[in-house]
Structure formats: C-alpha cells, structure tokens
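Engineer: Sequence first, then the predicted structure, then my questions.
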Amino acid sequence: MRAIIVWILIGCLLVGCGDNRPEGATLVQSTKADPLNEKKVIVVLIDSMTKPVIEEGMKNGALPALSYLMERGSVSHDLVAPFPSMSVPIETTIITGTSLKEHKLPGLVWYDSEADTLIDYGSTLVKYWKLGMNDTLMNSLVHLNTNHISPQTETIYESLNQKGYSSGAVNMLAYRGDETHTITLPVYVKTLLHVNGKMETKGPDLLAFGQAVQPKVIQGKNVKDSLYQRFGLNDSFSAEVTETLIKEKQQPDFLMVFFPDYDKDAHTHGPVSIEHFANTDLHLQTILNAYESWEQALEENIFVVMGDHGQDLLKEKKEVAAIELEPLLDPLVVAPLLDEPSSGDVVIANNHRSAYLYPTTDVIHYTDIAERLQQDSRIDHLAWLEEEELILYQVGTEGVLRVKENGDWTDSYGQTWTIDGNHQIADITLNDNQTITFGDYPDIFHQLYSALNSHLSAMVVTARPGHVISSEGSPVHQGGGEHGGLHKNDTLTSIIISGTDKELEDHRMEALKEFFIELLEDQN
C-alpha cells in the first residue's frame, strides 16, 4: 500500500504537510498524576517478522537489539493475525481490539456495493492507475481512518485519550484518534487529483506518516523523507522520528511505530532473508540508542516488538505459483478494472493469497462458483455463510463442513462451535473432552466468520501454500514471499515483550488493545 502512496507523492514532486496545532505547539502531555514514575509503552510493528527469520538471525548474531530485548523479556511465535492477513485489517484489529465483524474493515481490497466501486488501499501500480489515483489517495490517506473503520468501535488512541494518556503513531496505516490532522497539497496537485479543499484525517495526539503528515518536532530536521527514500515511508524515517521524539522529550505515553521495509524484501527474496532483516534490527538499535544506554531504555519503557503477519514461500515459476481466477470462472464474466464492477457477473477483491468473490445477481449462487473453482487443486478453501452457518469446502478433500457459533465444541480461545461434516477440511482434531485442537489453520472458524460478516455477502477463496490468487492488476512474487491467506504460514507471527513481567494470555491480535492499555494502567 505504501508503495502506491509513494508513486502519488512522486507525481506531486513536493508535498507541504502539517497538523492542525498552532506553530510551536508541543505534544499534549499526560494528565496522569506522576507520569515520570511510570514506564511508557513503545510498540514496534515489523512487517513480516516471523519465527524462522528471527531464529536464523539469532544464529548468525545479526540481531543484537532483538536479542537484547528477548533476553530481558518473553517471546512467543504463535501470535495469530486476523484473516485476510493483510496490513490494513490487521492494524485495524490491533488498534480497535475487535474482529473484522465489528470494525468493518474487510481487507486491503474489498467491494463497496452501495457505491459500486472496488476499494483498494493501494496494492499495485496497475490497479492504482485503473481505479483512479485520486480515489486510491483519498481511500488511503483519508477515508480509511475517517470513514471506513466503524464508528461503533473505539480505537486505542481514543481510549487512551479518555483515560488521560498521550499517544502517537509513526507510519501506521490505521491510526484513527480524536485529533484532526491536515494534509496540505500544492494547488496544481489538488487539480491533478481532483481534490477540493483541504485534506484532513483523524489521528492520535502525535501523528507522523512519511512526508504526508509530519509533527512539529521533526519539521526542519534532516529525516529520510526524500524522493529516493520513499518520502519517509521507510524504516529509517520511522526510527529517526522516534529517536527525535525521545531526545526532544516529546515521547507520548503510548507510541506505535511501523517498520515496513522487510515486507518488500521478503516479497522479493523470500520469507527468510537475514541480510535484509538485519537492517531492521539496525533501525531498532536507533531507537534504543536514543537513550543513554539500552538499560535506561528498558528502565523507562515497556517495549513490544511484533510482526503483523507471516510470509508463505511461493513457487519459483509464475505460471505454477499464480492461480488465474478468470479462466476458472468462465463463462461468468469479471468486469475489467476500468469498468463498473457490477457490469460483470462476479466481482473479485484480491487480497493476494485469498480473495473475496461477489456475485452481482441472485441468479449466480456460491455453489455455482465453487464448482468451477474446485477444478484447480492449487486452491485451498472455499467458504461462505448461509443464515449464520459457515459452509466450508477444501479442494481435494471430500465432503463439506458446516459450522455454527455457540455449540458444544470449545476451541483453545474459549469459543464454542457446532460442527457437522468432515472436520479434516479445517484440519482440526476433535478431542474426547469436547475440545478442538487447530492444525494448519489457527482460529479458522472465528477468522472466516469475522471476515464474512465484515461487509456485504461474499464468498472467500484461499490458495494452498506456495500459490497466490491472480487477477487483473494483482502482484505475483514468484519465488518470493506472500501473505493474505488463511494458512499458518500467513497468519502466525512473533511477539517480544520486554520491560515487564506481564504476559499476554490470548495470543490473538484482537487481545492486544486491552493488553497495551493494561501495560500502562497496571503501573498505577
């Protein structure tokens, strides 16, 4: 997504941006009685950080910062991301503490039937041009946080504001808060993008998003936000902004920082690319080095360093890795991206290793689509809802699995289910004590229920490991890493918690919001 915004900014040549605070204003300070005696919380979200790359890097001694934090804290490699495992719904889940069903952010790409438009927060340059650069820009920088995240959910920034804590976000995609931040574009750029008036977005007290939104504390400083440095949408910028906040005594009580670079490296070089992941550790060192010592960093802060999703290794040959949906759907028609989506029979919202499929008429049923897609053994699961019952197929496995909430079977997260059919489809074990053990698809029922209840009626198709869903304008990183699917390769990531003895009990991202708030409140 950030790559698309970079292309937009390249077209702009120069973006003048700021927030809505008066010149010289500083970050709102915590209203807690004695914040100097309390630790602050810094969450560093590293795109595509997983157990294999951490362990390989540790063997090579390439990760001193991560090693330091791991030795003085806890590490888990079974943190479960929501589905589809893409950054936008993942970050929204983290900051709202809810599933897709509640926060209503379905994926990186989804279909808005009321507007008859494909919402794409920026997946590829081809789709950026065909769907309209101004629409992509507005969806990414404005509508995502202002309109698309459900107003019925409360983000961590809004919750902390009510509790009297200050908060900030650096290069996060989902960051909705109570403060209004203004993005100022030159007049000729507004004309080019058909943007009328000023652009505003809602965020925490402190918001930094590349060159698009820069807090006062870094304005005029030499941070890495030039054309050749992706306009600040990079690890260096994230680390340098955080370093400046610390040194200038402007660090908020709670700060989320995103490191995006390794995702690009993993797509190109594969999920375990130590020489590239070592660069991420260098940027983490920049943050630790902002204090007089790393020991002081842990004395003054609780650090949470986590990944956002996994990465599956795709097959080397493009024609083998890529599952072309349109030929499989024939004679059903998929409208070209330049046309209105509803002008076809089926709308495809591609989330890389999975996709939402939307029939545009009642004449076409999900079973019609499923029969066509089951021709390809590289497809993994097909799923949809029928009156709150989850219908689940797996290509190559006999039968069907029907699942409903609130049943007699209890999973490891305390959720209960009614299960009827071939349980091998979900790779689960049904134990004698009426409990469920998940296999290759952690939390599969809740993940699918949440995704399918996040917006209008749709069905889900996922790819087997080594493969990716391909449709017009979608990327294929053959021989590299990819995510977006339901398999544990996509959804499992790592989390390191250092500077506290408090443990995360529920290892799903929905539990992180309350956990982060407790890290601050438990010190009182």
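Structural biologist: Good, I have the coordinates.

Engineer: Low-confidence ranges, the stretch 151-300 of the chain, go.
Structural biologist: 184-190, 192-193, 197, 220-232 (pLDDT under 70).

Engineer: Would you map the strands across it?
Structural biologist: 167-170, 179-183, 199-203, 206-208, 254-259 (DSSP state E, counting those that start in this stretch).

Engineer: wait, which of the ones you listed is closest to residue 323?
Structural biologist: Relative to residue 323, the nearest member of these by CB to CB is strand 254-259, separated by 29.9 Å. No exception for glycine: its C-beta is placed from N, CA and C like everyone else's.

Engineer: for the closest one, the distance to its chain's centre please.
Structural biologist: Mean C-alpha position of strand 254-259 versus that of the full chain (CA atoms, centre = their mean, to the nearest Å) differs by 13 Å.

Engineer: swap in stretch 483-491?
Structural biologist: A distance of 12 Å separates the centroid of the chain from that of stretch 483-491, by CA atoms, centre = their mean.

Engineer: Check stretch 258-267 too.
Structural biologist: On CA atoms, centre = their mean, the centre of stretch 258-267 falls 12 Å from the chain's centre.

Engineer: Could you do stretch 267-283 as well?
Structural biologist: That offset, for stretch 267-283, works out to 19 Å (CA atoms, centre = their mean).

Engineer: What pLDDT does the model give residue 136?
Structural biologist: As predicted, residue 136 sits at a pLDDT of 79.

Engineer: Settle this for me: it is touching residue 121, isn't it.
Structural biologist: Yes. Here residue 136 reaches residue 121: they are 7.4 Å apart, a contact under CB atoms under 8 Å.

Engineer: per-domain residue ranges of the protein.
Structural biologist: Here the domain parsing of the chain from automatic domain parsing is 2-17+39-310+492-521, 318-482.

Engineer: what residue ranges in the chain score low on pLDDT?
Structural biologist: In the chain, residues with pLDDT under 70: 1-37, 123, 128, 184-190, 192-193, 197, 220-232, 524.

Engineer: Scan it for its longest helix.
Structural biologist: helix 274-288 (DSSP state H).

Engineer: Export it to CSV, keeping only CA atoms.
Structural biologist: Output in CSV follows, covering the C-alpha atoms of helix 274-288 (Å, rounded to 0.1, in the frame of the first residue of the first chain):
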residue,chain,number,x,y,z
ILE,A,274,18.7,-12.5,7.0
GLU,A,275,20.9,-9.8,5.4
HIS,A,276,17.8,-7.7,4.8
PHE,A,277,16.2,-8.4,8.2
ALA,A,278,19.4,-7.4,9.9
ASN,A,279,18.8,-3.8,8.6
THR,A,280,15.5,-3.8,10.5
ASP,A,281,17.5,-4.6,13.7
LEU,A,282,19.8,-1.6,13.0
HIS,A,283,16.7,0.7,13.0
LEU,A,284,15.6,-0.8,16.2
GLN,A,285,19.0,0.0,17.6
THR,A,286,18.5,3.6,16.6
ILE,A,287,15.5,3.8,19.0
LEU,A,288,17.4,2.1,21.8
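
Engineer: Now do residue 382 against residue 479, distance only.
Structural biologist: Using CB to CB, to the nearest Å, we find residue 382 at a distance of 27 Å from residue 479.

Engineer: and what of residue 53?
Structural biologist: 17 Å.

Engineer: Between the two, tell me which one has more neighbours.
Structural biologist: Taking other CB atoms under 10 Å, residue 53 and residue 479 do not tie; residue 53 has more neighbours (29 against 15).

Engineer: element containing that one?
Structural biologist: Assigned by DSSP states H and E, residue 53 falls within helix 51-59.

Engineer: Which positions within that helix qualify as buried?
Structural biologist: 51, 53-54, 57 (16 or more other CB atoms under 10 Å).

Engineer: winner for burial among the domains of the chain?
Structural biologist: Of the domains of the chain, the one with the most neighbours on average (mean count of other CB atoms under 10 Å) is domain 2-17+39-310+492-521, at a mean of 20.

Engineer: Please tell me how far that one is from the chain's geometric centre.
Structural biologist: For domain 2-17+39-310+492-521, the distance to the chain centre is 9 Å (CA atoms, centre = their mean).

Engineer: Residue 244 contacts residue 216, doesn't it?
Structural biologist: No. If you go by CB under 8 Å, residue 244 and residue 216 don't touch, sitting 10.9 Å apart.

Engineer: can you map out the helices along the stretch 1-150 of the chain?
Structural biologist: Under the criterion DSSP state H, counting those that start in this stretch, the stretch 1-150 of the chain contains helices at 2-12, 51-59, 64-71, 87-96, 100-103, 125-131, 133-138.

Engineer: Which one of these lies nearest to residue 295?
Structural biologist: When these are compared for distance to residue 295 using CB to CB, the nearest one is helix 64-71, at 9.5 Å.

Engineer: now the closest one and helix 274-288, what's the angle there?
Structural biologist: Angle of helix 64-71 versus helix 274-288, following axes from the mean of the first three to the mean of the last three CA atoms, to 10 degrees, is 70 degrees.

Engineer: Grab the most central residue of this structure for me.
Structural biologist: residue 87 (1.8 Å; CA atoms, centre = their mean).
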